[in-house]
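What shape does this take:
(chains A and B)
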Protein chains: 2
Amino acid sequence: MKDIRFTYSHALNTHELQQYKEETQSALRTLTEGTGAGNDFIGWLSLPKDIRSQVSAIQKTADRLRNQCDIIVCVGIGGSYLGAKAVIDALLPSFAWLEDRKPQIVYAGNNIGEDYLYELQGLLRGKNFGIICISKSGTTTEPALAFRLLKIQLEEQAGKETARERIVCITDAKKGALRTLATQEGYDTFVIEDNIGGRFSVLSPVGLLPIACAGLDINALLDGAERVMDVCTTADFADNPALLYAASRNHLYRQGKKIELLVNYHPKLHYVSEWWKQLYGESEGKENKGIFPASVDFTTDLHSMGQYVQEGERHLFETVISVAEPNHKLVVPSDEANLDGLNFLAGKRVDEVNKMAELGTRLAHMDGGVPNLLIELPKLNEYALGELIAFFEVGCGVSGYMLGINPFNQPGVEAYKKNMFALLHKPGYEEATAAIEKRIQKQN
Amino acid sequence: MKDIRFTYSHALNTHELQQYKEETQSALRTLTEGTGAGNDFIGWLSLPKDIRSQVSAIQKTADRLRNQCDIIVCVGIGGSYLGAKAVIDALLPSFAWLEDRKPQIVYAGNNIGEDYLYELQGLLRGKNFGIICISKSGTTTEPALAFRLLKIQLEEQAGKETARERIVCITDAKKGALRTLATQEGYDTFVIEDNIGGRFSVLSPVGLLPIACAGLDINALLDGAERVMDVCTTADFADNPALLYAASRNHLYRQGKKIELLVNYHPKLHYVSEWWKQLYGESEGKENKGIFPASVDFTTDLHSMGQYVQEGERHLFETVISVAEPNHKLVVPSDEANLDGLNFLAGKRVDEVNKMAELGTRLAHMDGGVPNLLIELPKLNEYALGELIAFFEVGCGVSGYMLGINPFNQPGVEAYKKNMFALLHKPGYEEATAAIEKRIQKQN
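Model prediction:
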């Protein structure tokens, strides 16, 4: 197996699938021709090609940061960190953070934890650290707050001149707080284009710079993405994995399967699922519609969520990410006493056991009434992850149009912010402040 | 606020709640009087008291391991690691793994990742490490496999005598592979009692030893648990948080809210949610029934799952864990230029911002049709976590009986194992092997 492969046959039959041919192809045309809702946010479709001209600048900046920093703090929330973390976690060693490794990549500005920020400041004290600040506007509360704190600390520890070399901003091309600051201070910058939303930005500098800082091959990532983006935007239904995926999951949803469980058998893929949850949840969860995206890491979570999946409410289906080959080789050793009874596995590779757990689980869950979609990757490397990203992105755009919503906006995320600003007496929110305080008083 | 507090008023009114008084009290009696299904697995009810006699032995073993080891590997899966990891992650510094800290706690035997085990072996090479192996039978595939590999490595690196001092087994009192091995080798052991299932074992040596190895106060954990276990098993409906929780969530489930989203605003609580997912998912997901347990870390995931929660399918409710006070103090600094517009927060504690995000989000989600249950903890410390654990455990037993299932078995987790063993040609599975191979052949 050289490329990503998608199998629907354990969830629906060919006849059921064929009913979606016209609908998915039409949704794909809407997407690629830019005639649908949210069509000003489809720049990601050509990103694997378009971004190539910036790769050497990104790599150069990454090399400088890698050279200067023991720790690089990626400041960003949602789409501004999930894609990078997904790729980095999938490809670095499992225990990278316990190794004597430079630079270590950590994340901030993705929560408002007082203890988190306090302890981060403690960690960074006396260390050579750098900051990649990722925010389109520069005013999103979480990253703005973290950046304000970390910028002061870096300037105090390293001096203003050195801090200038170790801060990189990824932000709007022209406007916004972070662009203004970067210009004033003379920071290196990269641009978040207007036609690429946060959750579709992993193949832009937003994802590529942190990924390159982790020492990974961003060209290979883009190669894989370019190849599958091409297949998924041009191939006919039967040969188009993104269309088959969109068809399958929408079919299952229409049958009452309201939860999609993204399953992996590789602990390193945990954050790929987190990235996927934003991609699909934020794209589809609208107008009281949309599949609820959830995830599990197997076999780990077979010992927690396995019972539910096997025998709980029958409102879910699984999408399994299977990786054909591990990157290392480890064989089960024989043991003379064999008290644990594992000698029947002796001489087998650990991954063979894992694969049989995977196959056995897929069959058991199907028997339990959980339809099963399968995504196979040849290997965990940059190229394959690029393929996976492109596959999920096109699948998401097509799925969203099939659902009849705009897959590229996120109107619902403003509601809590408005309340929060009102509660915090933000200037300009005076009316909202009065209203929300009255409401709370009434409840007490 | 001194103790855990539960609020239902943003999900149902007093009239609706009162309808569940008899039912929950009856379920509680079934639980505490041991007259219900699974009544041979309710030893956890008195565990906070019963285990006290073992605390000094547990602490002594922990002190020895802490003294001898740079890394302690906790080998176990499901209930054999989730409770310990939940408490340890909640109470250690956010970046403990990047600190020069001894011992570091890592986990194995909770997956079958070839790369994971290979890389773990690499990490441990040349290091002073110890192993806590947790398995009732000693033959569960994941931990047995990891332990087989790590035992060999430890004996090779440190010699058989030293390895003997650095391996501790937590297993059945008398029978099973791990008990036999421990007796033969002369390892220190602690007992998993027959009347305590894995997902209810965090307050037994299964959780307490790793937690003590991390340097945490297990007496305080038990104090908090004992106090709330007492309240939740004796107090009347109106004063019993576990009954109110069980009543509320079952009411919501019966109204069609099929997904419970456990929400925190503290990144350190991530694994408390993972522990909770096993507790509720494995207890309730039976007979095609049960609430689907999911979790999010806010505000982090407001920028991924927030859109769905606000505007997606209306089949979910939230249970928020709120922590009243952080452990450290950090104030938002002022900035002369104020480009990011955050000066309206200057002088406020970061946690105040977090709390307004929390309140603002709860209000916004309620407006969006997501009922909201609230659990308040005074602080993140051992005592409060003990309270939370006892609250969730009693709530789970009561909820399970209200649902009409046996909350203490897990019949569904055998299905995948049977297939896996058949596929791996385990001796004794010959018939199953023939059947499953025929089935797979047919499909291809």
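
Give me the neighbour count for the residue in the stretch 51-200 of chain A that chain B sits nearest to.
Scanning the stretch 51-200 of chain A for proximity to chain B using Cβ to the nearest Cβ identifies A:Gly78 as nearest, at 2.9 Å. Glycine gets a C-beta too; all of them are placed from N, C-alpha and C. When neighbours are counted by other Cβ atoms under 10 Å in any protein chain shown, A:Gly78 registers 30.

and the helix or strand containing A:Lys442, what does it pack onto?
According to DSSP states H and E, A:Lys442 maps onto helix A:430-443. Helices and strands touching helix A:430-443, by 3 or more Cβ pairs under 8 Å, 6 or more residues apart in numbering or on different chains; DSSP states H and E, are helix A:414-423, helix B:350-367.

Looking at the ones you listed, which is nearest to A:Gln307?
Closest to A:Gln307 of the helices and strands packed on helix A:430-443, according to Cβ to Cβ: helix B:350-367, at 28.4 Å.

In space, what's closest to A:Gly122 - neighbours in sequence excluded?
Setting aside the residues directly before and after it, A:Gly122 is nearest to B:Pro93 in space (Cβ to Cβ, 6 or more residues apart in numbering or on different chains), at 7.6 Å.

With A:Asp3 instead?
A:Glu387 (6.2 Å).

Figure out how far the longest helix along chain A is from the centre of its chain.
In chain A, taking DSSP state H as the definition, the longest helix is helix A:382-403. Relative to its chain's centre, helix A:382-403 lies at 11 Å (Cα atoms, centre = their mean, to the nearest Å).

helices or strands up against that helix?
Using 3+ Cβ pairs under 8 Å, 6+ apart, helix A:382-403 is in contact with helix A:21-32, helix A:82-91, helix A:218-234, helix A:241-254, helix A:270-284, strand A:372-379.

out of those, which comes closest to chain B?
helix A:270-284 (3.3 Å).

for that closest one, packing partners?
helix A:82-91, strand A:259-264, strand A:292-297, helix A:382-403, helix B:306-311.

Kindly present these as CSV, with separate columns for mean pLDDT and mean neighbour count.
Listed next are the helices and strands packed on helix A:270-284 as CSV, based on pLDDT from 0 to 100; neighbours: other Cβ atoms under 10 Å in any protein chain shown:
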stretch, mean pLDDT, mean neighbour count
helix A:82-91, 98, 26
strand A:259-264, 98, 25
strand A:292-297, 98, 24
helix A:382-403, 98, 26
helix B:306-311, 98, 27
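
mind listing the helices for the stretch 51-200 of chain A?
A:52-68, A:82-91, A:114-124, A:141-158, A:160-166, A:177-185 (DSSP state H, counting those that start in this stretch).

okay, the ones you listed, which one's buried deepest?
Of the helices of the stretch 51-200 of chain A, the one with the most neighbours on average (mean count of other Cβ atoms under 10 Å in any protein chain shown) is helix A:82-91, at a mean of 26.

mind listing what the residue in the stretch 151-300 of chain A that chain B sits nearest to touches?
Of all residues in the stretch 151-300 of chain A, A:Gly285 sits closest to chain B, at 2.9 Å by Cβ to the nearest Cβ. For A:Gly285, the contact set (Cβ atoms under 8 Å, 6 or more residues apart in numbering or on different chains) comprises A:Phe292, A:Gly412, B:Met305, B:Gln307, B:Tyr308, B:Val309, B:Gln310, B:Glu311, B:Gly312, B:Glu313.

Closest one to B:Ile375 out of those, please.
Once Cβ to Cβ is applied, the member of the contacts of A:Gly285 that ends up nearest B:Ile375 is B:Val309, at 17.6 Å.

Find the centremost residue of chain A, please.
Centroid-nearest residue in chain A: A:Trp275, 2.0 Å away (criterion: Cα atoms, centre = their mean).

Settle this for me: that residue is touching A:Phe200, isn't it.
No: contact criterion Cβ atoms under 8 Å: A:Trp275 and A:Phe200 do not qualify, at 10.8 Å.
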